[in-house]
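**Student:** model this:
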Amino acid sequence: MNQFRPKGFIRPLQPELQSIKRAMDTALIFITLYISLHIYGETFSREYLGLFIVCTVLFGIFAEHQEIYHGWRGDPLFDDAVRILLSWIVAFALIASSFFVFDLGFEYSRQVLELWLPLAPLSIIMLHSLRRSTLSYLRMHGLNTRNYAILGGNSLGKRLNTALTEMPWLGYSFVGFFDDRIENKQRRQDEDMVDVIVGDFKELLERAQRGEIDHIYITLPLRAEKRINQLIRELADSTVSVNIVPDFFTFNLMQSKLSSVKGIPVVSVFDTPLNSSLDGAVKRLEDLLLCAIILPIIAIPMLIIAIAIKITSPGPVIFKQMRYGVKGEQIEVWKFRSMSVCENGDSIKQATANDSRVTPLGGFLRRTSLDELPQFLNVLSGTMSVVGPRPHAVAHNEYYRKQIQGYMLRHKMKPGITGLAQISGCRGETETIDKMERRIHHDLEYIRQWSVILDLKIVVLTVFKGFVGQQAY
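**Tutor:** Okay, the predicted model is just below:
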């Protein structure tokens, strides 16, 4: 019998518990400020109330950016604590910097602020730790636990089970993997299926109808759409909660995000980590601050290098070459001239060992990456970043984009003076496709994992091992 079935929309999950967590953290920020004032005998005035409000709002913004209140993350407690501490420090730093820029007409107690600065985040971290430990203890002892099964004994099912197992505070108890392909040994090997499958779909349906299972996660491949639809229809004859886990890991995801358009789910496959205006502003602010620190340090060495180039070989001091920037747009990149020629055409030969085009001084500059120093001026102009995928000549881009799948995805971010590939030993000549593929792998991994912490780590490591390389000619 055919029946009309409304399709409906997918609504975002907004558990009330997340709002309670935010409210409790806000209360802790207020309590720790009040305690700090009480210890030093200060009055809770309107100025301190304003300070509390601004700090709370900024902390909430950065906490949301760090996904602190997303319970599904399942990160280790230490990582959760680092995100809380980072969010608070950034919020507090913005307020502290405003004290020096603007005349607020009121002086806050330095002792109060010095106590409140560590007390607030430590209190929040302790509360989160206590909540997680309590939930883990209660649910490990059978309070409010739920049984779940996974329909699809494949690699995605294994990943899901591992993720849920690592979050005991959720109170989920695993029943087992179910799959109709249990008898097909060859197929099980080809699809990297789990070793132990407790039954097929028929048995899963019977157990669900008996009320033995609360949640079922379907991890079958996307190509099994018709089979999944049939299974869901049959599971409707039970009270079990059914969840579909799409196997998007078959794609080479990069900064993938889940969003919705009026309830219609949308998953981005390729995206940039700087998609939001906040992330873009943070990255730009990071570049400007690093330039403010580095440029005064390298100003005199740059002047000496410029004079040395002018004295030792004829030609311009600065070599300007067209390269691809963010979104694949062509930009002009500056370098100290290290060759006797200035190639910028459709066909450019990479520098090789004992290359006759490289000047004696140029060889030293290239091996030590000192020829890249003028690119800090590119960073100031906004066409480059301090950290990011290294820009390649236009001719090399046009060649390698046809040879390496996903090559152009490295242009989802601004090119950098240094990057993950450079500190990983991928500098210099790439005379084989394998070497370029290795460099691109690190570039794309950087885009996937981007964070301010990663950028600072790369900058520090560049000082120790990013300036030299055996393949840098």
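**Student:** least trustworthy helix or strand in this structure by mean pLDDT?
**Tutor:** helix 185-190 (a mean of 57; mean pLDDT, DSSP states H and E).
**Student:** Send me the very next helix or strand once past that helix as PDB with only the CA atoms.
**Tutor:** If you walk from helix 185-190 toward the C-terminus, the next helix or strand you reach (DSSP states H and E) is helix 201-209. This file holds the C-alpha atoms of helix 201-209, laid out as PDB (Å, rounded to 0.1, in the frame of the first residue of the first chain):
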ATOM      1  CA  PHE A 201      20.200  -7.300   9.500                       C
ATOM      2  CA  LYS A 202      17.400  -9.700  10.300                       C
ATOM      3  CA  GLU A 203      18.800 -10.400  13.700                       C
ATOM      4  CA  LEU A 204      19.400  -6.700  14.300                       C
ATOM      5  CA  LEU A 205      15.800  -5.900  13.400                       C
ATOM      6  CA  GLU A 206      14.500  -8.600  15.800                       C
ATOM      7  CA  ARG A 207      16.600  -7.300  18.700                       C
ATOM      8  CA  ALA A 208      15.500  -3.700  18.000                       C
ATOM      9  CA  GLN A 209      11.800  -4.800  18.000                       C
END
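**Student:** in helix 201-209, what counts as buried?
**Tutor:** By 16 or more other C-beta atoms under 10 Å, the buried positions in helix 201-209 come out as 201, 204-205, 207-208. Any C-beta I mention is one placed from the backbone N, CA and C, and that applies to glycine too.
**Student:** Could you single out the nearest of those to Leu454?
**Tutor:** Nearest to Leu454, judged by C-beta to C-beta, of the buried residues of helix 201-209 is Leu204 at 42.2 Å.
**Student:** which non-adjacent residue is nearest that closest one?
**Tutor:** Using C-beta to C-beta, 6 or more residues apart in numbering and skipping residues adjacent in sequence, the residue nearest Leu204 is Phe178, 4.1 Å away.
**Student:** cool, Leu117 as well?
**Tutor:** In space, Leu117 is closest to Phe92, 5.9 Å off (C-beta to C-beta, 6+ apart).
**Student:** quick one: that neighbour from Leu115, how far?
**Tutor:** 13 Å (C-beta to C-beta, to the nearest Å).
**Student:** Ok, Glu445 next?
**Tutor:** According to C-beta to C-beta, Glu445 stands 41 Å off from Leu115.
**Student:** Doesn't Val175 belong to a strand?
**Tutor:** Yes - with DSSP: H, G, I helix; E, B strand; the rest coil as the criterion, Val175 is part of a strand.
**Student:** and it, what does it touch?
**Tutor:** Residues near Val175 by C-beta atoms under 8 Å, 6 or more residues apart in numbering: 147-149, 198, 207, 212-213.
**Student:** Which ones among those lie within strands?
**Tutor:** 147-149 (DSSP state E).
**Student:** Considering these, which member attains the minimum pLDDT?
**Tutor:** Lowest in pLDDT among the ones in strands among the contacts of Val175 is Asn147, which has 88.
**Student:** For it, name its beta-bridge partners.
**Tutor:** Assessed by DSSP bridges, Asn147 has beta-bridge partners Ser173.
**Student:** Reformat the ones in strands among the contacts of Val175 into JSON lines and put neighbour count next to each item.
**Tutor:** What follows is those, written out as JSON lines (neighbours: other C-beta atoms under 10 Å):
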{"residue": "Asn147", "neighbour count": "18"}
{"residue": "Tyr148", "neighbour count": "21"}
{"residue": "Ala149", "neighbour count": "24"}
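**Student:** what pLDDT does Asp180 get?
**Tutor:** pLDDT, Asp180: 80.
**Student:** picking up where we left off before, settle this for me: the residue nearest to Leu204 is touching Gly157, isn't it.
**Tutor:** No - using C-beta atoms under 8 Å, Phe178 makes no contact with Gly157, being 9.5 Å away.
**Student:** if I look at these two, which residues touch both of them?
**Tutor:** Ile150.
**Student:** what's the domain layout of the protein?
**Tutor:** The record's domain parsing of the chain by automatic domain parsing lists 16-139, 145-250, 277-466.
**Student:** I'd like the distance from the shortest one to the chain centre, please.
**Tutor:** Centroid displacement of domain 145-250 relative to its chain, using C-alpha atoms, centre = their mean, to the nearest Å, is 29 Å.
**Student:** just the last one next, same as before
**Tutor:** Here the centre of mass of C-alpha atoms in domain 277-466, compared against the chain's by C-alpha atoms, centre = their mean, lies 22 Å away.
**Student:** Need the mean per-residue confidence for it.
**Tutor:** 84.
**Student:** So which other helices or strands are in contact with the helix or strand harbouring Phe364?
**Tutor:** Taking DSSP H and E as the criterion, Phe364 maps to helix 360-367. Here helix 360-367 touches helix 277-312, going by 3 or more C-beta pairs under 8 Å, 6 or more residues apart in numbering; DSSP states H and E.
**Student:** again, only this time at 10 Å
**Tutor:** Applying 3 or more C-beta pairs under 10 Å, 6 or more residues apart in numbering; DSSP states H and E, one finds that helix 360-367 contacts helix 277-312, strand 330-336.
**Student:** Can you show me the strands along the stretch 301-450 of the chain?
**Tutor:** 318-324, 330-336, 385-387, 416-418 (DSSP state E, counting those that start in this stretch).
**Student:** possible to save those as CSV with distance to Ala236 and mean neighbour count?
**Tutor:** Listed next are those as CSV, based on distance: least, C-beta to C-beta, whole Å; neighbours: other C-beta atoms under 10 Å:
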stretch, distance to Ala236, mean neighbour count
strand 318-324, 52, 18
strand 330-336, 56, 18
strand 385-387, 51, 27
strand 416-418, 52, 26
